[in-house]
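Q: Just need the structure, nothing else, for what follows:
(one chain, ligands or ions: 1)
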Amino acid sequence: MQDNVDVIIIGAGISGLYAQYRMRELGLSVQGFEAGTDVGGTWYWNRYPGARFDSESYSYQFSFSKELVQEWAWSEKFAGQPEIERYVNFVADKFDLKRAIEFNARVESVVFDDASRTWTVETQNGKKAHARFVLCATGLLSAFQMPPYPGTENFKGQSLHSARWPKEPIDFTGKKVAIIGSGPTAVQILQTIAPEVGELKLFQRTANWCTPLRNQPMTAAEQEEMKVKADEIFELCKRTAAAFIHDMDMRASTEVSKAERLAKYQELYERGGFALWLGNFNDVFTNRAMADEISEFLAAKIRQRVKDPVKAEKLIPKNHPYGTKRPPGEKNYYEAFNQDNVDVVDLRATPIVKITDSGVETSDAKYDFDIIIYCTGFQSLTGELMRIDIRGENGVALKDHWAQGPKTNLGVQFAGFPNLFAIMGPHNPGTFCNITRCVESNTDWITGCIRYVLEHGYKTIQATPEAEAAWTEKCHQSVKGMLIDEMRDSWFFGNNNRDGGVGQYLMYAGSVPSYRALFNEVAAKGYEGFEFRA
Ligand code: NAP
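A: Prediction:
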């Protein structure tokens with residue numbers, strides 16, 4: 001391990017690895033710290049059964065190396081976690097990125113020294129290093145959370161959280177299993193283990209609008225085609241609002257007849273992935289009547305697919321229309337409930353009172369289980385950064401700076417924290433973004449910014465308080481008029497946080513291309529909104 005470097009990178013997932021590649025290209029020395037025992041980040045921790053992309057594999061992969069694109073062939077349209085983990089390892093090995101990373105090293109503190117204007121980073125296991133720049137590649141959904149129910153520690157069976165899944169396989173055959181939570185993670189686990197279990201109960205607080213992912217194996221010919229078309233795909237992702245391959249229909253839903261709209265919804269439902277969400281008429285995020293119409297369309301599908309009408313009604317969301325939360329992609333999720341041994345418990349009608357030594361107790365029943373799986377989500381966007389004791393100029397703690405919610409300039413820097421950058425922190429367009437596309441463009445911008453600092457002989461760069469206030473306000477305003485602003489109980493707002501959220505929209509809801517344009521504009525103006533010190 002190097003204890004005195006130019007750049008420290010926290011995290012060795014998609015963004016940490018790419019950042020290291022770019023920093024080394026700048027000729028800077030790098031030390032990485034990673035809590036896990038290997039690379040992968042999200043794809044290292046979330047190794048639960050059924051974990052897979054919801055972006056098309058060939059649109060999610062790195063684009064920075066043509067050679068890499070040609071060397072890797074995806075076996076499925078939406079690859080599963082084991083293959084993604086292999087890919088991330090392949091990238092790390094190809095570019096020799098592991099050498100500079102200290103694994104098993106969870107960062108505990110990141111402290112700025114006013115005199116030397118450098119940072120000191122310390123890990124929980126006593127490692128310490130100093131650097132001029134710190135890049136937080138800590139992810140947007142990393143700080144997983146358990147529900148606050150009493151008794152979780154008393155359960156005598158096996159307790160698992162989706163984001164801390166063990167490496168050893170788990171045998172579900174004939175087991176009585178509880179899944180708590182019903183987001184995209186729970187959907188993937190439930191549909192995967194349902195054929196094996198003895199009994200399965202989903203403890204659901206909020207139903208979601210799940211749509212078919214339509215995963216399929218890629219043939220050798222398709223793999224070849226994707227390599228030939230790689231540049232075209234990345235170019236398409238640069239143009240689309242969410243950096244996916246799905247492009248909005250330029251028409252508003254109101255411009256066509258109801259019959260045409262329904263035919264379009266059906267076609268997008270057949271296409272799979274996020275097509276229904278991101279490839280729909282251009283008022284899908286703003287027109288309540290359209291969202292209600294798609295909700296009716298999907299409710300009819302659920303009623304068709306789930307034979308028991310009581311179960312079907314429980315699985316149809318009642319408190320939010322389609323598109324206001326990130327819709328889970330599924331395969332046979334609804335059909336799993338046609339098994340007699342798979343059921344859903346509505347926690348709004350009968351809330352969980354406690355976890356007992358033998359299972360789950362709700363307000364009206366006691367259930368025994370062998371395994372409880374918590375799919376209760378993350379303290380989104382800010383959680384991982386807030387867990388680290390980050391102290392900037394004059395010893396100011398980030399958690400105090402963010403006491404009323406996160407404040408950033410362009411999502412990458414915070415006033416009073418010189419030379420510290422977040423790659424996918426709050427106020428990025430993470431709600432919709434095809435993550436690797438945003439990771440690459442954000443990291444490229446940060447790289448350009450650091451190059452500028454070096455070339456101009458400055459010591460530090462940091463967000464001005466004025467620019468930070470303006471960007472933070474712009475992020476809050478960016479969601480106004482959008483339907484997602486009506487459904488605030490989600491990780492988009494941090495309101496899923498078990499300790500309570502601040503109720504602000506935590507990302508930037510403008511399109512990814514508009515965010516990139518702002519980035520470029522700021523850089524072209526000599527990093528307007530940032531201040532330098534020699
Ligand atoms: P999530 O969407 O935040 O869902 C958490 C679930 O836990 C919700 O159903 C929530 O209910 C429930 N929950 C939270 N606290 C609870 C409590 N005390 N009692 C009962 N239920 C509780 O988390 P996630 O499913 O892990 O997914 C997070 C995000 O990760 C997704 O939106 C997606 O962006 C990403 N993801 C992607 C993929 C992929 O396909 N690549 C797969 C999984 C996840 P409420 O809704 O009522 O709060």
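
Q: Could you measure from the residue lying closest to residue 147 once chain neighbours are set aside over to the ligand?
A: Nearest residue to residue 147, sequence neighbours excluded (CB to CB, 6 or more residues apart in numbering): residue 376, at 4.9 Å. Using the backbone N, CA and C atoms, a C-beta is placed for each residue, glycine as well. Distance of residue 376 to the ligand, computed by CB to the nearest ligand atom, to the nearest Å: 4 Å.

Q: How about the contacts made by the spatially closest residue to residue 495 that is not a sequence neighbour?
A: The shortest distance from residue 495 to any non-neighbouring residue, by CB to CB, 6+ apart, is to residue 501 (4.1 Å). Contacts for residue 501 (CB atoms under 8 Å, 6 or more residues apart in numbering) come out as 493-495.

Q: out of those residues, which is most surrounded?
A: Within the contacts of residue 501, residue 494 tops the neighbour count with 25 neighbours, counted by other CB atoms under 10 Å.

Q: That residue contacts residue 377, doesn't it?
A: No. Applying CB atoms under 8 Å as the test, residue 494 and residue 377 come out as separate, 10.7 Å apart.

Q: one step back: and the pLDDT at the residue nearest to residue 495?
A: Per-residue pLDDT puts residue 501 at 71.

Q: in the lengthiest helix in the chain, what counts as buried?
A: In the chain, with assignment by DSSP state H, the single longest helix is helix 435-455. For helix 435-455, a neighbour-count test (16 or more other CB atoms under 10 Å) marks 435-443, 445-450, 452-453 as buried.

Q: repeat for stretch 246-261
A: Going by 16+ other CB under 10 Å, stretch 246-261 has these buried residues: 246-249, 253, 261.

Q: I'd like those residues laid out as TSV, including distance to the ligand, secondary structure and pLDDT.
A: Listed next are these as TSV, based on distance: CB to the nearest ligand atom, whole Å; DSSP: H, G, I helix; E, B strand; the rest coil; pLDDT from 0 to 100:
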residue	distance to the ligand	secondary structure	pLDDT
246	15	coil	96
247	20	coil	93
248	20	coil	94
249	23	strand	96
253	24	helix	98
261	26	helix	98
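
Q: quick one: contacts for residue 114?
A: 393-394.

Q: Next: residue 446.
A: For residue 446, the contact set (CB under 8 Å, 6+ apart) comprises 19, 22, 135, 412, 421, 423.

Q: hmm, 10 Å instead?
A: Contact analysis of residue 446 by CB atoms under 10 Å, 6 or more residues apart in numbering lists 15, 19, 22-23, 133, 135, 410, 412-413, 421-423, 519.

Q: now residue 312
A: 299, 302-306, 334, 337, 344.

Q: would a markdown table of those with neighbour count and distance to the ligand be doable?
A: As requested, these are exported to a markdown table (neighbours: other CB atoms under 10 Å; distance: CB to the nearest ligand atom, whole Å):
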| residue | neighbour count | distance to the ligand |
| --- | --- | --- |
| 299 | 18 | 18 |
| 302 | 21 | 16 |
| 303 | 15 | 21 |
| 304 | 10 | 23 |
| 305 | 15 | 20 |
| 306 | 22 | 18 |
| 334 | 22 | 16 |
| 337 | 24 | 16 |
| 344 | 22 | 12 |
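
Q: Which of those residues lies at the shortest distance from residue 100?
A: Distance to residue 100 across the contacts of residue 312 (CB to CB) is lowest for residue 334, with 46.1 Å.

Q: Now do the closest residue to the closest one other than its chain neighbours, the pLDDT please.
A: Counting by CB to CB, 6+ apart, residue 334 lies nearest to residue 305, which is 4.0 Å off, once chain neighbours are set aside. What the model reports for residue 305 is a pLDDT of 98.

Q: cool, and the one 5 residues further on?
A: At residue 310, the predicted lDDT confidence score is 98.

Q: Quick check on it: phi, psi?
A: Note on residue 310: backbone dihedrals following degrees, to the nearest 10 are phi -70, psi -50.

Q: okay, now it: neighbour count?
A: For residue 310, using other CB under 10 Å, the count is 10.

Q: Over to residue 203?
A: Neighbour count for residue 203, taken as other CB under 10 Å: 26.

Q: and the helix or strand in which it is found, C-alpha only, in PDB?
A: Per DSSP states H and E: residue 203 is located in strand 199-204. C-alpha atoms of strand 199-204 as PDB (Å, rounded to 0.1, in the frame of the first residue of the first chain):
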ATOM      1  CA  GLU A 199     -43.200 -22.100   1.300                       C
ATOM      2  CA  LEU A 200     -42.700 -18.500   0.500                       C
ATOM      3  CA  LYS A 201     -44.300 -15.300   1.900                       C
ATOM      4  CA  LEU A 202     -43.700 -11.900   0.600                       C
ATOM      5  CA  PHE A 203     -44.200  -9.200   3.200                       C
ATOM      6  CA  GLN A 204     -45.200  -6.200   1.100                       C
END
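
Q: mind listing what that strand pairs with, with the direction of each?
A: When pairs are called by DSSP bridges, strand 199-204 turns out to pair with strand 176-180 (parallel), strand 342-346 (parallel).

Q: Next, format these as JSON lines and append distance to residue 8 and mean pLDDT.
A: Below are those laid out as JSON lines (distance: least, CB to CB, whole Å; pLDDT from 0 to 100):
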{"stretch": "strand 176-180", "distance to residue 8": "37", "mean pLDDT": "98"}
{"stretch": "strand 342-346", "distance to residue 8": "46", "mean pLDDT": "98"}
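
Q: which of these is buried the deepest?
A: strand 176-180 (a mean of 24; mean count of other CB atoms under 10 Å).

Q: Any idea how far the following helix or strand past it is from the middle of the chain?
A: Scanning forward in sequence from strand 176-180 by DSSP H and E, the next helix or strand is helix 184-193. Its chain's C-alpha centre and that of helix 184-193 lie 17 Å apart, by CA atoms, centre = their mean, to the nearest Å.

Q: Next: stretch 288-302.
A: That offset, for stretch 288-302, works out to 26 Å (CA atoms, centre = their mean).

Q: Tell me the buried residues in that stretch?
A: For stretch 288-302, by 16+ other CB under 10 Å, it's 290-291, 293-295, 297-299, 301-302.

Q: Dump those residues to CSV, plus pLDDT and secondary structure.
A: Listed next are the buried residues of stretch 288-302 as CSV, based on pLDDT from 0 to 100; DSSP: H, G, I helix; E, B strand; the rest coil:
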residue, pLDDT, secondary structure
290, 98, helix
291, 98, helix
293, 98, helix
294, 98, helix
295, 98, helix
297, 98, helix
298, 98, helix
299, 98, helix
301, 98, helix
302, 98, helix
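
Q: Could you export those as TSV, including distance to residue 61?
A: Shown next, in TSV, are those (distance: CB to CB, whole Å):
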residue	distance to residue 61
290	33
291	32
293	35
294	30
295	33
297	32
298	30
299	35
301	31
302	33
